[in-house]
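1. Sequence and predicted structure, then a few things I'm wondering about:
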Amino acid sequence: MRFSQAISEGDGISVIVDVADADAARAAASQGAEAVAIERAISDLRDVTELPVLWRTSGSPSEAVLAGADAWVISVEAAGEDGDWLARQHAEALELGLDCVVEVHSEEDDADALRHALDLLPDLPAGKLAVAEVPVSDREQVIELERAGVDAVIVGARNVAGLVGDAPPPV
């Protein structure tokens with residue numbers, strides 16, 4: 001399943017879990033995550049989960065594909081002064097079959113990250129998915145993001161069942 005499809009279908013906000021190994025990916029899937037995010041290739045990842053994979057480290061779209069990713073984070077900050085870089089990277093990612101997640105950084109403190117994410121939403125083009133990476137510690141914060149129009153939130157590896165809400169169906 002494509003990353004964007006997994007995030008956009010279903011009810012409510014999706015939880016994407018940042019994982020470092022196959023065990024964490026397996027746990028995230030069993031707790032109801034709708035995708036996993038990785039910062040390096042993980043051997044046996046596709047043996048333990050069918051969840052879509054978001055590649056979120058520097059590198060090229062081809063590196064993301066080699067790591068088994070379905071989507072790739074492209075950082076606006078990485079473009080620097082090269083105005084065409086984003087367009088070239090985006091085109092390459094699409095050619096390779098990757099969904100793209102555009103990363104926009106805030107220089108604000110983590111404490112203000114949730115507020116800042118909510119402030120950015122009105123500037124998002126219609127029809128685009130909003131994925132936030134902000135510190136959330138409970139379901140109420142996830143619901144606040146959902147009410148504001150965020151489609152998914154990236155969280156660290158941990159027991160995420162409480163953030164997801166309804167218990168996942170038995171496998």
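-> Good, I have the coordinates.
2. Leaving out sequence neighbours, find the closest residue to residue 47.
-> Ranked by Cβ to Cβ, 6 or more residues apart in numbering and with sequence neighbours excluded, the top spatial neighbour of residue 47 is residue 22, at 7.2 Å. Yep, even glycine has a C-beta here, placed from its N, CA and C like the rest.
3. now do residue 41
-> residue 67 (4.0 Å).
4. Isn't the residue nearest to residue 47 up against residue 46?
-> No. The pair residue 22 and residue 46 does not pass the contact test of Cβ atoms under 8 Å, sitting 9.4 Å apart.
5. need the contact list for residue 31.
-> Residues in contact with residue 31 (Cβ atoms under 8 Å, 6 or more residues apart in numbering) are 17, 159-161, 164, 168.
6. If you could redo that for residue 39, that was the one I meant.
-> Contact analysis of residue 39 by Cβ under 8 Å, 6+ apart lists 18, 20, 56-57.
7. that older thread, just curious, which of the contacts of residue 31 is nearest to residue 84?
-> Nearest to residue 84 out of these is residue 17 (Cβ to Cβ; 33.7 Å).
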